[in-house]
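# I'd like to go over a predicted model; first the sequence, then the structure.
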Amino acid sequence: MAPRTSEWKTEQKELVRVLSHLPYSLPQAISDIIDNSIDAKSKNIIVKVNQVDNQQYVMIKDDGKGIPPDELKKMMTFGGTRDYAPDDLGAFGVGLKSSSISQSRNLTIFTKIEGKPMNIRRIDVDWMEETDQYDKLLHIDSGSPVVEYIRNEGLLPGENGTTVLLENLHRFDALREGDNSDAHTLIEILPRTESHLAMVFHRFLENPSHPRHFKLTLEGREVTPLNPMAPHEDDPKFGTLTKNSKLTIKHENKDYKVPVKLVILPHQKRHKDRKFREYITHTVEGSWGETEGAYLYRNDRIIAFSSWFGTVNKQVTYSLRRASVEISKELDDYFSLNPMK
């Protein structure tokens with residue numbers, strides 16, 4: 001009788017290759033890393049997208065509680081999940097690794113718990129290729145010019161917190177337009193990244209009384225929240241129109257009342273905030289018309305936006321339409337939540 005089972009292994013080399021081709025954008029990847037900082041109760045998050053000695057890098061530093069050794073081991077394991085609180089943004093245990101490796105060949109985590117020594121873990125694809133040890137993590141940093149720079153600038157964790165560093169950005173050339181220099185390309189990347197972060201995390205940034213409120217800086221400038229529903233356009237005659245409603249969804253034999261807000265934005269000629277249209281357009285890296293659609297929130301974080309998800313067709317004449325939809329953790333499966341949100 002033939003056996004009914006056989007061993008199912010994961011080829012680490014092929015896994016790294018697959019992760020490097022995941023279709024994350026750079027702003028999406030940074031957002032996924034920031035999710036971990038928010039879950040760590042950070043109050044200040046610093047993001048840098050820059051270069052040292054012509055080596056492009058991304059760095060995210062927070063002042064959260066730090067990562068315990070056992071949790072760090074799970075965090076660096078593909079599919080290694082932890083216990084998620086109801087308001088946590090993480091869900092699958094792959095976001096940090098997949099988003100990081102999709103952009104870079106070298107991921108280093110420096111983390112510190114108050115009163116404990118700093119821990120370092122590094123996924124170094126270059127080292128893996130040289131040694132053919134795809135199942136090993138390094139416990140040291142690379143000693144690269146980027147690492148030396150962030151150390152000298154005080155960007156490693158202090159008494160507590162975590163710094164995530166992405167080096168050797170393998171998609172950087174694809175971001176370059178025409179004959180632009182590396183420096184010019186970085187300057188082009190920053191506004192799109194800022195607008196994306198400002199919108200995705202706007203509820204945390206704009207409300208000081210939010211239990212997960214934090215301050216976010218990108219290249220030394222504080223990020224101003226960007227609410228896609230434009231409640232600031234409050235002119236009684238020409239401002240934003242809103243209507244609150246609830247959508248009943250039946251899932252696993254239970255009825256869920258999903259809060260929905262229907263929104264009509266004012267015409268651009270009526271905008272008090274003349275920069276709103278420009279900033280919100282940066283988030284879709286396209287035209288104003290592409291910003292139309294539903295904006296899905298999960299635990300106050302936007303996880304998908306500017307799409308009607310097959311229910312309504314976009315039309316130029318209706319480009320002012322918006323809807324916000326509040327998704328609870330219990331409906332993750334119903335809405336097909338995935339590691340890329």
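Received it, and whenever you're ready, just let me know what you need.
# now the helices for the protein?
12-20, 26-39, 69-75, 95-103, 125-131, 145-152, 172-175, 182-200, 202-206, 276-284 (DSSP state H).
# hey, least reliable of the ones you listed by pLDDT?
If those are sorted by mean pLDDT, helix 172-175 sits at the bottom with a mean of 76.
# show me what that helix is packed against.
Contacts defined by 3 or more Cβ pairs under 8 Å, 6 or more residues apart in numbering; DSSP states H and E place helix 172-175 against helix 182-200. Just so you know, the C-beta spots here come from the backbone N, C-alpha and C atoms, and that holds for glycine as well.
# one more time with 6 Å, if that's ok
Helices and strands touching helix 172-175, by 3 or more Cβ pairs under 6 Å, 6 or more residues apart in numbering; DSSP states H and E: there are none.
# got the buried residues for that helix?
For helix 172-175, the neighbour count (16 or more other Cβ atoms under 10 Å) marks 172, 175 as buried.
# who's in contact with that helix?
Applying Cβ atoms under 6 Å, 6 or more residues apart in numbering, the external contacts of helix 172-175 come out as 56, 185.
# tabulate the helices of the chain (TSV), appending distance to residue 218.
As requested, the helices of the chain are exported to TSV (distance: least, Cβ to Cβ, whole Å):
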stretch	distance to residue 218
helix 12-20	25
helix 26-39	9
helix 69-75	24
helix 95-103	16
helix 125-131	26
helix 145-152	15
helix 172-175	16
helix 182-200	5
helix 202-206	12
helix 276-284	13
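# between these, which gets nearest to residue 51?
Closest of the helices of the chain to residue 51 is helix 182-200, at 6.1 Å (criterion: Cβ to Cβ).
# so that closest one versus helix 26-39, what angle?
If you take axes from the mean of the first three to the mean of the last three Cα atoms, to 10 degrees, helix 182-200 sits at 50 degrees to helix 26-39.
# export only the CA atoms of helix 182-200, formatted as CSV.
Extracted C-alpha coordinates of helix 182-200, given in CSV (Å, rounded to 0.1, in the frame of the first residue of the first chain):
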residue,chain,number,x,y,z
ASP,A,182,20.1,58.7,-7.7
ALA,A,183,19.7,61.9,-5.6
HIS,A,184,17.0,63.2,-8.0
THR,A,185,15.2,59.8,-7.8
LEU,A,186,15.2,60.0,-4.0
ILE,A,187,13.7,63.5,-4.2
GLU,A,188,10.9,62.1,-6.4
ILE,A,189,10.2,59.2,-4.1
LEU,A,190,9.8,61.2,-0.9
PRO,A,191,6.5,63.1,-1.8
ARG,A,192,4.7,59.9,-2.8
THR,A,193,6.0,58.1,0.3
GLU,A,194,5.0,60.9,2.6
SER,A,195,1.4,61.2,1.1
HIS,A,196,0.9,57.4,1.4
LEU,A,197,2.0,57.3,5.0
ALA,A,198,0.0,60.5,5.8
MET,A,199,-3.2,58.9,4.5
VAL,A,200,-2.8,55.3,5.6
